[in-house]
Structures are given as structure tokens and as C-alpha cells.
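Student: what follows is a predicted protein model with its sequence.
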Amino acid sequence: MDSYYTIEKPGIAEFKDRGSRFIGYAFPLASKEEFKVHLQNIKAGHPKATHHCFAYRLGLDKSDFRVSDDGEPSGTAGRPILGQIDSKELAQTLIIVVRYFGGTLLGVPGLINAYKTSASFVLQVTPVIQKQVELAYRLQFDYTMMNEVMSVVKLFNCSVINRDIQLFCVMTIGIARKNLEEVVNRLREVRNLELVEINGKA
């Protein structure tokens, strides 16, 4: 798989039903650690909400997912939220729906509809993008080779993850999987450049 779909940036949308407020938050997601930070921030921002339900999909094969009903009846919140992520075939995506109880019980069908609709609304206002699957490589080279290295990086639209530019340079780049062989071959032509694969990178 050379590419996948995800959301470009965070989004927010609101849905109301019989007095209850449902606020949906969508986030691009890179890791489980990042998920924990987002959830903590949402809970800190809504300390009086009755529920903080969520679903996410991680991994380019979409095999890593988690759902939570956070006290709502089983299957009424997390799964409907995940269903909206899956309906757009998204990876690396998190949706959290915060509920403020309005005094009227919605019942199981009502809850399923509310969480599904909240997730749908936030995805409607959040741009979906196609991203290239990238592999991260660390480059080490002499500063005099900088122009040669950067010409390859720019030619193949590699992402620069970080760099330490001194007399001896260290740079981490993301190479699109579809261009991997050609980019690696080009970089190996650069004099005295060391090239090391780090790991898979979304």
C-alpha cells in the first residue's frame, strides 16, 4: 500500500437532541501516546460533561483500533463513532464525542444516532487527505554535500523530519514507499553519505 486516507487537521462540530449536547472532536493521530494526550485535554476542557466517548483507527492496515462508550450503554457510542471513521476508509484518525446530558433519556436507538451523527458532522467539516506511506531514514554526510542531498530530497518530495546542520550533518527524512528504491540509489551516489533506515513512518 503506497498511500492512505486520513484527516488533514483537527475539527469540531456539535449535535443536539432533546436537550443533550454532543460535541465531536476529530484529530489526525500518529500514536497511542498522542491519543492519551488528546483525551486528557478534552476531559480537562469539559470537566462537567457526563461522557467522553471515542474511537480511533491506527496503523496503515487499520488493524489497530479502540472504542469506548465511557458509561453509556454498551455499543451505543464507541462503535457508531468508529463506523463513521470506517465509512470514509480513514486511518490514523481519532474522534472524541463529549456529551452533556440534557435531562431526557434518549434510549439505545437515540444514543446510537446521536453519536453516529456527531461523528459524521465533525468529519463533514474536517478535510480528508490522501497521504503517501513513508519510510524514515537517517542521513549522515559532510556539509559540502548538502546541495546534492537536498536536490534529491526536493526532487522526490521527501519530508524532512528533523535536521542538525553543522560541518557534519545529520538529517532524518521520510521517503514515499513508491519512490524508495530510486531515492535510496540516488542518495548512495552521494560521496561519504551514510544511510540508515529507522522504521516505518505514517
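Tutor: Okay, I see it. All values reported here derive from a predicted model rather than from experimental measurement. Numbers count the residues shown, from 1 in each chain.

Student: ok but residue 182 is inside a helix, no?
Tutor: Yes: according to DSSP: H, G, I helix; E, B strand; the rest coil, residue 182 belongs to a helix.

Student: tell me how many other residues crowd it.
Tutor: 13 (other Cβ atoms under 10 Å). Every C-beta, even on glycine, is put in place using the N, C-alpha and C of the backbone.

Student: let me know the pLDDT of it.
Tutor: For residue 182, the pLDDT comes out at 97.

Student: check residue 194 too.
Tutor: So, for residue 194, pLDDT stands at 95.

Student: and if you look at residue 61?
Tutor: At residue 61, pLDDT is 82.

Student: just say helix, strand or coil for it.
Tutor: Of the three states, residue 61 takes coil under three-state DSSP.

Student: pLDDT weak spots in this protein?
Tutor: 199-202 (pLDDT under 70).

Student: what about the strands in it?
Tutor: Using DSSP state E, the strands of the chain run over residues 3-7, 11-17, 20-28, 51-58, 64-68, 93-100, 128-132, 134-142, 159-164, 168-176, 194-201.

Student: list the buried residues of the fifth one.
Tutor: Okay, so that is strand 64-68. 65, 67, 68 (16 or more other Cβ atoms under 10 Å).
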